[in-house]
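Let me see the structure of the following:
(one chain, ligands or ions: 1)
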Amino acid sequence: LSLDTVREFLTREEDTIVFSLIERARYPINRPAYDPVHLGDGRRLNASFAELFIRESEAVQSKAGRYQSLQEIPFFAYRVPFTLAPPYNFTSELYPAATFVNVNDAIWSMYFNELLPLLAKTGDDGNYAATVDSDLACLQVLSRRINYGRYVAEVKFRGDQQTYTSLIQAKDRDALMKLLTSEAQEDVVKRRVEKKAIVFGQSITSDGPIETSVNNSSGTDFKVNPSVVYKLYDQWVIPLTKQVEVEYLLHRLD
Ligand SMILES: O=C(O)C(=O)C[C@]1(C(=O)O)C=C[C@@H](O)C=C1
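Got it, this is the predicted structure:
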């Protein structure tokens, strides 16, 4: 584990994030999938179809061993006694007492309340299962990327143990945040991910040129608006990753 290898991981996740946003943007908003579910007998569940679909899908994946890997954290907790998957002895580079740190609740509400309205056009085509399946894909990769902040923090801690230790002991969140922040790196990440949205999200023809920048200000020529992807990283992905890093560090000496 080094700063280079963890950054490589984050960079590769960008590809998956952009593609999963492109997939979700194919469908209209499909509002009924997010409303409380009505049962036949007139009762109303507190959960939406999207939530039920994600719970059930995660339960299957949990049984299949997905969450044996500490890189994956479910949105709902499952008590699964055994897994169907072939056994594998996962080792973790994380500090055991800080492994639990995650911001899945914040990712969940950011995704449904802020991001989705920017991503999906108005309308209802009834493809609810395919739509919420694409929501699940987005949520899983966003969760993996953002909660990977634990690994980034571990690398940073090991790289400057003395400074981090004294700030952790003083519980100085602001100083920890400042120490782990690299504005230059954040700028590189945001500009790169916007460019990926431009390149991955255009219609490819056999002879035409490949666009590398946005020519019209609305970004509507692309399958997902590159400025929405920039905003996603600027306002949510990077700040939440940093929140994970700080929380992890605060438990690094437990
Ligand atoms: O690459 C790092 O050093 C990170 O901590 C990751 C990350 C990011 O989320 O991309 C977060 C904080 C830093 O300011 C820069 C980038």
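
In terms of secondary structure, what does the helix or strand hosting Asp174 contact?
Remark: Asp174 resides in helix 173-180, with elements defined by DSSP states H and E. Other elements packing on helix 173-180 under the criterion 3 or more Cβ pairs under 8 Å, 6 or more residues apart in numbering; DSSP states H and E are helix 149-159, helix 161-169, helix 238-250. No exception for glycine: its C-beta is placed from N, CA and C like everyone else's.

Could you list the buried residues of the shortest one?
With burial defined by 16 or more other Cβ atoms under 10 Å, the residues of helix 161-169 counted as buried are 164, 167-168.

of these, closest to the ligand?
The shortest approach to the ligand among those belongs to Tyr164, at 13.2 Å (Cβ to the nearest ligand atom).

Just give the nearest non-adjacent residue to that closest one, would you?
Nearest non-adjacent residue to Tyr164, counting by Cβ to Cβ, 6 or more residues apart in numbering: Phe157, 4.8 Å away.

To what extent is that neighbour buried, counted in neighbours?
Phe157 sits with 21 neighbouring residues when counted by other Cβ atoms under 10 Å.

Around the closest residue to Trp236 other than its chain neighbours, how many other residues sit close by?
Closest residue in space to Trp236, ignoring its immediate chain neighbours: Met110 at 5.1 Å, by Cβ to Cβ, 6+ apart. Met110 is surrounded by 20 other residues when neighbours are defined as other Cβ under 10 Å.

Against Val244, how distant is Met110?
Distance of Met110 to Val244, computed by Cβ to Cβ, to the nearest Å: 13 Å.

How about the secondary structure of Val37?
The three-state assignment at Val37 reads strand, by DSSP: H, G, I helix; E, B strand; the rest coil.

how many neighbours does it have?
If we define neighbours as other Cβ under 10 Å, then Val37 has 16 of them.

That one is in contact with Arg43, isn't it?
No - the pair formed by Val37 and Arg43 falls short of the contact definition of Cβ atoms under 8 Å, at 9.3 Å.

Check the secondary structure at the residue positioned nearest the centre of the chain for me.
Note on the chain: the residue nearest the mean C-alpha position is Leu142, at 0.8 Å, using Cα atoms, centre = their mean. Classification of Leu142 by three-state DSSP places it in helix.

what sits against the nearest residue to it once chain neighbours are set aside?
Across the structure, with Cβ to Cβ, 6+ apart as the measure, the residue nearest Leu142 apart from its sequence neighbours is Ile107 (5.5 Å). Residues touching Ile107, when contacts are defined by Cβ atoms under 8 Å, 6 or more residues apart in numbering, comprise 139, 142-143, 146, 240.

Distance to Asp4 and pLDDT added to these, as TSV?
Written out in TSV, the entries for those read as follows (distance: Cβ to Cβ, whole Å; pLDDT from 0 to 100):
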residue	distance to Asp4	pLDDT
Leu139	28	98
Leu142	23	98
Ser143	23	98
Ile146	20	98
Leu240	22	98
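
Most neighbours out of the residues you listed, which is it?
Taking other Cβ under 10 Å to define a neighbour, the member of those with the most is Ile146, carrying 27 neighbours.

residues contacting it?
Ile146 sits in contact with 103, 107, 237, 240-241, 244, where contact means Cβ under 8 Å, 6+ apart.
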